[in-house]
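*Asks:* with the input below, show me the fold.
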Amino acid sequence: MDLQKCISHVVQQLTNIHCSDYRYIPFYNRQLPSVQTLKEVVDIIRKIIFPGYFGNPLVTENSVLYHTGVHSEKLYHLLFEQIGRALTFEANDEDTHVLAKEKTLYFIDKLPEIKRLTSTDVKAMYDNDPAAKNYGEIIFCYPSIKALLNYRIAHELYLSKIPLIPRIITEMAHTETGIDIHPGAVIGEYFSIDHGTGVVIGQTSIIGNHVCLYQGVTLGAKNFVLDEAGNPMDVPRHPILEDHVTVYSNSSILGRITIGEGTVVGGNVWLTHSVPPHSRIVQSKAVEDAFIDGLGI
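*Replies:* Sure, this is the predicted structure:
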C-alpha cells in the first residue's frame with residue numbers, strides 16, 4: 001500500500017463519526033472552550049489578586065487602580081467568550097449570550113471574595129511553615145498557593161453551573177503542582193497545604209477553617225453508589241473535616257465520614273470511620289523481632 005492509499009484509508013476510518021468503535025468519543029460541531037485562553041484568564045486573575053507580583057513589575061500604590069482596571073476589562077472579554085462556548089456545550093442550540101454575560105459579571109463581582117480567601121490561605125501557609133521567610137515568598141514560590149487560587153476561581157465558576165471550565169482550571173494546577181482539588185469541594189478560610197505533591201481532594205469533600213494537609217493526603221470515596229443502570233451516582237461520598245484539623249503525610253481518609261474539630265491524623269493512616277473532636281489518630285506500631293543466629297529463618 002502506498003502512502004496516499006494508506007492515508008486515505010485511515011482518514012476514512014477516523015472520520016466515521018457513527019462508528020460504534022468510537023461511541024465514547026462524542027462528536028461536537030461547535031466551538032469548545034480554549035485551554036490556552038483559559039490559561040491566560042487564570043494568569044490575568046493572578047495579576048489582579050497579587051498586584052505587583054505577577055505581570056507588570058512596576059505596579060505602585062498610585063498605579064494599581066489603573067492596572068487592575070485594565071486587567072479586569074480584559075478578563076471580562078476573554079471569560080465571556082469562554083463561558084459562552086462552555087454553555088453551548090450543553091445548551092442544545094439555545095441562545096446563551098445573555099446568560100454568559102450574567103455569569104461573567106457575577107464571577108467578576110466575586111473577585112474581592114476570592115482575594116480575601118486567598119489572603120487567608122497565604123497567612124495559614126506562613127503560620128504552618130517555619131521555613132517561610134515572608135508572605136511574598138509564599139505567593140511567589142509555593143505550589144500550594146497556585147493550586148488553591150486555581151481552585152478558588154474554579155469553585156466560583158462551578159457554583160454558577162458552568163460546564164467544563166472549572167475542571168479545566170483545576171486540572172491546570174494539578175498538572176503543574178501535583179495537587180488535585182475538585183472544583184466542587186467546599187474549603188473554608190485559612191487553608192494550608194504543606195509541600196502538596198500528591199494531595200487529592202474529592203468533589204464532595206467539605207473542609208472547615210484552619211485545616212492543614214500535608215503531602216500525599218487523600219480525601220477520597222470509599223466506594224460508589226450505582227443507579228439501576230449500573231452507573232455511579234453523584235452523591236456525597238467524601239469526608240467532612242471540621243475546623244482546626246491537621247492531616248499528616250500520605251494518610252487516606254475515605255468515605256462520607258466526619259473528622260471532628262481539632263483532630264490530628266498522623267502519617268500513613270487509613271481512616272474509614274468518623275472520629276470525635278480533638279482525637280489523635282496514629283497508625284499501629286510495627287512489630288519488631290530480632291532474628292539472632294538464624295532464628296526465624
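
*Asks:* was I right to think residue 201 contacts residue 184?
*Replies:* No - using CB atoms under 8 Å, residue 201 is not in contact with residue 184, being 9.8 Å away. In this view, the C-beta of every residue, glycine as well, is placed from N, C-alpha and C.

*Asks:* higher neighbour count, the two?
*Replies:* Neighbour comparison, residue 201 and residue 184: the larger count goes to residue 201, with 27 against 19 (by other CB atoms under 10 Å).

*Asks:* what residues does the more buried one make contact with?
*Replies:* By CB atoms under 8 Å, 6 or more residues apart in numbering, residue 201 lies in contact with 180, 181, 182, 185, 187, 207, 219, 238.

*Asks:* which regions of the chain lie under the pLDDT threshold?
*Replies:* Applying pLDDT under 70 to the chain flags the ranges 92-93, 285-297.

*Asks:* mind listing the strands for it?
*Replies:* 180-181, 186-187, 192-194, 200-201, 206-207, 212-214, 218-220, 240-241, 246-247, 252-254, 258-259, 264-265, 270-271, 280-281 (DSSP state E).

*Asks:* for the second one, which strands pair with it and how are they oriented?
*Replies:* Read it as strand 186-187. Paired neighbours of strand 186-187 in the sheet (DSSP bridges): strand 206-207 (parallel).

*Asks:* to residue 116, which of the strands of the chain lies closest?
*Replies:* Smallest distance to residue 116 across those (CB to CB): 13.5 Å, for strand 186-187.

*Asks:* which residues are contacting that closest one?
*Replies:* 148, 151, 155, 181, 201, 205, 206, 207, 211.

*Asks:* now do that strand: distance to the chain's middle.
*Replies:* Its chain's C-alpha centre and that of strand 186-187 lie 10 Å apart, by CA atoms, centre = their mean, to the nearest Å.

*Asks:* do stretch 139-150 as well
*Replies:* Centroid separation for stretch 139-150 versus its chain: 11 Å, with CA atoms, centre = their mean.

*Asks:* between the strands of the chain, which gets nearest to residue 57?
*Replies:* Nearest of these to residue 57, taken as CB to CB: strand 192-194 at 27.3 Å.

*Asks:* what is that closest one packed up against?
*Replies:* Judged by 3 or more CB pairs under 8 Å, 6 or more residues apart in numbering; DSSP states H and E, the packing partners of strand 192-194 are helix 111-127, helix 143-159, strand 212-214.

*Asks:* how close does residue 2 get to residue 13?
*Replies:* Distance, residue 2 to residue 13, by CB to CB, to the nearest Å: 17 Å.

*Asks:* then residue 1?
*Replies:* Per CB to CB, residue 1 is found 14 Å from residue 13.

*Asks:* can you check residue 232 too?
*Replies:* Noted for residue 232: a distance of 32 Å to residue 13, by CB to CB.

*Asks:* again, but for residue 7
*Replies:* The gap separating residue 7 from residue 13 is 11 Å, by CB to CB.

*Asks:* and what of residue 200?
*Replies:* Per CB to CB, residue 200 is found 38 Å from residue 13.

*Asks:* equivalent analysis for residue 45, please.
*Replies:* Distance from residue 45 to residue 13, by CB to CB: 42 Å.

*Asks:* more neighbours: those two, which one.
*Replies:* A count of neighbours by other CB under 10 Å puts residue 45 above the other of residue 45 and residue 13, at 25 against 11.

*Asks:* any idea how many residues pack against the closest residue to that one other than its chain neighbours?
*Replies:* Distance criterion CB to CB, 6 or more residues apart in numbering; nearest residue to residue 45, sequence neighbours excluded, is residue 153 at 5.8 Å. Residues within reach of residue 153, counting by other CB under 10 Å, total 27.

*Asks:* and residue 196, what does it touch?
*Replies:* Per CB under 8 Å, 6+ apart, neighbours of residue 196: 142, 143, 144, 147, 177, 178, 179, 215.

*Asks:* neighbour count and distance to residue 59 added to these, as a markdown table?
*Replies:* Below are the contacts of residue 196 laid out as a markdown table (neighbours: other CB atoms under 10 Å; distance: CB to CB, whole Å):
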| residue | neighbour count | distance to residue 59 |
| --- | --- | --- |
| 142 | 23 | 21 |
| 143 | 16 | 24 |
| 144 | 26 | 24 |
| 147 | 25 | 24 |
| 177 | 21 | 25 |
| 178 | 17 | 30 |
| 179 | 25 | 28 |
| 215 | 18 | 33 |
